[in-house]
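Asker: please work out how this folds:
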Amino acid sequence: MIEITGLTQSYRHKEVLRNVDLVVRKHEICALVGRNGAGKSTLIQSLLGLLQVKTGMITLGGFSHREEGWKRIVSYLPEKFQLYPHLTGEENMKFFASLGEKPIDEAKIEECLRMVQLLDHGNEQVKKYSKGMLQRLGLGIMLYYETEILILDEPTSGLDPMGRREILSILQSLQNITILLSSHHMDEIRKVCTHVAYLHDGVITKFAAQEFCEQYETGGILL
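Answerer: Got it, this is the predicted structure:
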């Protein structure tokens, strides 16, 4: 689903990603892990076309990053998703649904609100939502698009333990979708991830999630 080959990115002559190779296969849930400044944001921005790829190749769902087709099969939830605070949760859902190519599907909006445990709060203004509720609403909006690939940037950042558990429960329930999520929480990796892409010194090493956790616990991997 996601294939990166020979990706190199530099800032002001400093090499951030060095000839990176990564394959995330269909229906894998892969955590992108690395220390602050390791290049996780650079990698995600490259995947999303926000940074120009000068060296290397990215393929998303069979589409090259130079084609337009990949945009129809990828959803991205940033760490801070900008919602409209004066609108209700349902109204926010409808607004973002209207940006798609198809007519708004009211039943699907209701189903997505149910999936992210916000159906009973759909008529409340978003400015009254907790941070965890805001994050779940953002995830619900991404799920509405029913894309094959979902990219999440620190989906539980700043949430309390209950909020984190709620997000992880939703991710565990998702099926038939390929997920790449950046994270630095080991409990997230243990609970929801099948694999880990460990970014260190500009290079990625991919592990099975259990193997990564074992190496981290024995001090073989530092974060």
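
Asker: show the subsequent helix or strand relative to the helix or strand residue 113 falls within.
Answerer: According to DSSP states H and E, residue 113 maps onto helix 106-115. Where DSSP H and E defines the elements, the next helix or strand beyond helix 106-115 is helix 131-144.

Asker: quick check: buried residues in that next one?
Answerer: Neighbour counts over helix 131-144 (16 or more other C-beta atoms under 10 Å) mark 132-144 as buried. For glycine as for every other residue, the C-beta is placed from the backbone atoms N, C-alpha and C.

Asker: tell me what angle that helix forms with helix 106-115.
Answerer: Between helix 131-144 and helix 106-115, the angle comes out at 140 degrees (axes from the mean of the first three to the mean of the last three C-alpha atoms, to 10 degrees).

Asker: in PDB, please show the C-alpha coordinates belonging to helix 131-144.
Answerer: C-alpha atoms of helix 131-144 as PDB (Å, rounded to 0.1, in the frame of the first residue of the first chain):
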ATOM      1  CA  LYS A 131      -9.400  17.600  23.500                       C
ATOM      2  CA  GLY A 132     -10.200  13.900  23.300                       C
ATOM      3  CA  MET A 133     -13.600  14.500  21.800                       C
ATOM      4  CA  LEU A 134     -12.000  16.900  19.200                       C
ATOM      5  CA  GLN A 135      -9.400  14.300  18.300                       C
ATOM      6  CA  ARG A 136     -12.200  11.600  17.900                       C
ATOM      7  CA  LEU A 137     -14.200  14.000  15.700                       C
ATOM      8  CA  GLY A 138     -11.200  14.600  13.500                       C
ATOM      9  CA  LEU A 139     -10.700  10.800  13.200                       C
ATOM     10  CA  GLY A 140     -14.400  10.400  12.400                       C
ATOM     11  CA  ILE A 141     -14.100  12.900   9.600                       C
ATOM     12  CA  MET A 142     -11.200  11.000   8.100                       C
ATOM     13  CA  LEU A 143     -13.200   7.700   8.400                       C
ATOM     14  CA  TYR A 144     -16.100   9.300   6.500                       C
END
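
Asker: run through who's touching it.
Answerer: 75-77, 81, 83, 89, 92-93, 96-97, 105, 108-109, 112-113, 115-118, 121, 126, 129, 150, 152, 155-156, 158-160, 162-164, 166-167, 170, 174 (C-beta atoms under 8 Å, 6 or more residues apart in numbering).

Asker: what lines up beside whatever helix or strand comes next after it in the sheet?
Answerer: Tracing the chain C-terminally past helix 131-144 and defining elements by DSSP H and E, one meets strand 149-153 next. Sheet partners assigned to strand 149-153 using DSSP bridges are listed as strand 74-77 (parallel), strand 178-182 (parallel).
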